[in-house]
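1. Below is the sequence, then the predicted model.
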Amino acid sequence: DCMHFCTFLSVSASALTLASNLFPSATRHSAFQDRRKQKKQYSFYCVLRRVSIIGKPSLSFTMASPSWLQQSLHPSGTLILTFSNGPVNALAARLRIDIANAIKDANANPEIKAVVLTSDYSKGFFSGGADISEFASFAEGSSPLVGSSDAYDLAEAGEKPVVAAIGGVCFGGGLEIVLCCAARVSTRQGQFALPELKLGIIPGLGGTQRLPRLVGFKNGLEMMIYSSTVNAKSALDVGLVDELVEDPNVLVDRAVQVAMEIASGKRKRNVSLLRNDKLASKEECEQIARQVQSAPSYKKVSANGAMKQFDECVRVSLLGVAQGGQAGIREEANAF
């Protein structure tokens with residue numbers, strides 16, 4: 001039997017992961033193998049609410065619709081994008097498109113030098129991930145990612161550097177978008193994970209390619225395979241984030257400073273997908289993958305290989321090592 005997480009789910013990946021901890025049998029079977037079958041359905045209600053922009057910007061832009069993305073221009077010339085979507089700040093496809101459009105506008109505006117991407121993290125979430133309710137489109141033969149991944153591409157390769165200001169939980173698609181940014185500044189309350197394999201899928205917005213390039217192949221692969229949650233200090237140690245701030249009230253201000261340092265050339269702008277400094281050789285990564293897959297813990301989480309998304313995650317991650325990040329991104333999309 002396989003699960004179909006599509007029909008009534010209206011929450012991000014993190015909330016469903018919390019549900020799986022309460023109801024372990026709910027995620028025991030894989031939606032990856034056959035999304036048409038259904039065993040359990042969980043319904044969560046997410047309330048969309050308006051949030052005030054952090055800090056004291058000199059200029060504000062009024063969004064016609066929706067209220068989930070607020071824009072303000074810092075005196076330094078940094079555009080601050082603050083999103084809010086329900087209790088876990090789910091990155092719905094429409095929100096991702098709005099973020100992409102805002103970054104496009106920033107790139108075309110000579111008054112804007114850089115971009116900071118943050119959220120209303122007052123409830124402890126930067127973002128719990130993608131909106132799982134959108135996975136219903138799988139049943140209709142389409143992908144919820146189509147037309148909504150531009151924000152990720154633009155955050156990484158747009159003309160203006162984008163810096164992530166992360167407060168609290170950063171899971172799934174939330175982590176995948178900050179992996180695209182030129183730098184990541186977090187509070188000490190930050191928590192990071194790619195829990196997609198627990199949900200029967202692989203990371204679908206670049207996680208299989210960018211995470212190993214930032215933290216090393218072994219660290220990245222194990223983080224995905226075991227849906228491990230990494231705290232802010234550990235994230236700093238392995239290179240997942242670049243800086244920590246003690247006071248959440250100065251998070252955005254520090255991210256603005258980092259963004260301007262990158263924009264002015266005082267600080268190097270890193271492109272995650274092009275980094276190879278933490279990747280071992282193809283042969284070494286293949287050996288790491290074999291060791292991971294032969295471990296009893298891997299056999300346990302993958303139900304002795306019956307849950308195919310685990311092997312697919314390993315395969316796609318290795319393909320990116322062998323053929324490059326862009327090829328890995330394309331294969332990830334095909335396998336998702």
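-> Perfect, I can see it now.
2. Look at Val292 and give its secondary structure.
-> Following DSSP: H, G, I helix; E, B strand; the rest coil, the label given to Val292 is helix.
3. Go ahead and confirm it touches Met224.
-> No. Using Cβ atoms under 8 Å, Val292 is not in contact with Met224; the gap is 10.1 Å. For glycine as for every other residue, the C-beta is placed from the backbone atoms N, C-alpha and C.
4. So for these two, which sits in the more crowded spot?
-> Set side by side, Val292 and Met224 show more neighbours around Met224, with 24 against 18, by other Cβ atoms under 10 Å.
5. And the more buried one, how close does it get to Met260?
-> Met224 sits 33 Å away from Met260, going by Cβ to Cβ, to the nearest Å.
6. Same question for Ile99.
-> Relative to Met260, Ile99 is positioned 20 Å away (Cβ to Cβ).
7. just Asp120 next, same as before
-> 23 Å.
8. ditto for Val245
-> Distance, Val245 to Met260, using Cβ to Cβ: 16 Å.
9. The nearest residue to Ala280 once chain neighbours are set aside: neighbour count?
-> Nearest non-adjacent residue to Ala280, counting by Cβ to Cβ, 6 or more residues apart in numbering: Phe217, 5.7 Å away. Residues lying near Phe217 (other Cβ under 10 Å) number 24.
10. Same check on the one 3 residues further on?
-> Residue crowding around Gly220 was assessed by other Cβ under 10 Å; the count is 24.
11. Now it: closest residue in space that isn't a chain neighbour?
-> Of all residues beyond its chain neighbours, the one nearest Gly220 is Pro212 (3.4 Å), with distances taken as Cβ to Cβ, 6+ apart.
12. May I ask which helix or strand encompasses that neighbour?
-> Element membership for Pro212 (DSSP states H and E) is helix 207-215.
13. okay, that helix in PDB with CA atoms only?
-> Output in PDB follows, covering the C-alpha atoms of helix 207-215 (Å, rounded to 0.1, in the frame of the first residue of the first chain):
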ATOM      1  CA  GLY A 207      18.300  20.100  -2.600                       C
ATOM      2  CA  THR A 208      20.000  17.000  -3.900                       C
ATOM      3  CA  GLN A 209      22.600  19.100  -5.700                       C
ATOM      4  CA  ARG A 210      23.100  22.200  -3.600                       C
ATOM      5  CA  LEU A 211      23.200  20.700  -0.100                       C
ATOM      6  CA  PRO A 212      26.100  18.300  -0.800                       C
ATOM      7  CA  ARG A 213      28.000  21.200  -2.400                       C
ATOM      8  CA  LEU A 214      27.600  23.400   0.700                       C
ATOM      9  CA  VAL A 215      28.200  20.800   3.500                       C
END
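14. Give me the helices and strands touching it, please.
-> When contacts are defined as 3 or more Cβ pairs under 8 Å, 6 or more residues apart in numbering; DSSP states H and E, helix 207-215 packs onto helix 172-179, helix 217-225, helix 309-323, helix 325-335.
15. now the helices for the stretch 51-200 of the chain?
-> 93-108, 150-157, 172-179 (DSSP state H, counting those that start in this stretch).
16. now the first one, how far from the centre of its chain.
-> So the one you mean is helix 93-108. Relative to the chain's own centre, helix 93-108 is displaced by 16 Å; criterion: Cα atoms, centre = their mean, to the nearest Å.
17. same question, the last one
-> Taking the mean of its C-alpha atoms, helix 172-179 sits 1 Å from the chain's own mean (Cα atoms, centre = their mean).
18. Could you list the low-pLDDT ranges of the protein?
-> Where the chain drops to pLDDT under 70, the residues are 1-66, 134-149.
19. where along this protein do the strands fall?
-> For the chain, the strands defined by DSSP state E cover 59-61, 69-73, 78-83, 114-119, 125-127, 162-166, 169-171, 183-187, 191-193, 230-231, 243-245.
20. Between Ile99 and Met260, which has more neighbouring residues?
-> It is Ile99, of Ile99 and Met260, that has more neighbours when counted by other Cβ under 10 Å, with 25 against 20.
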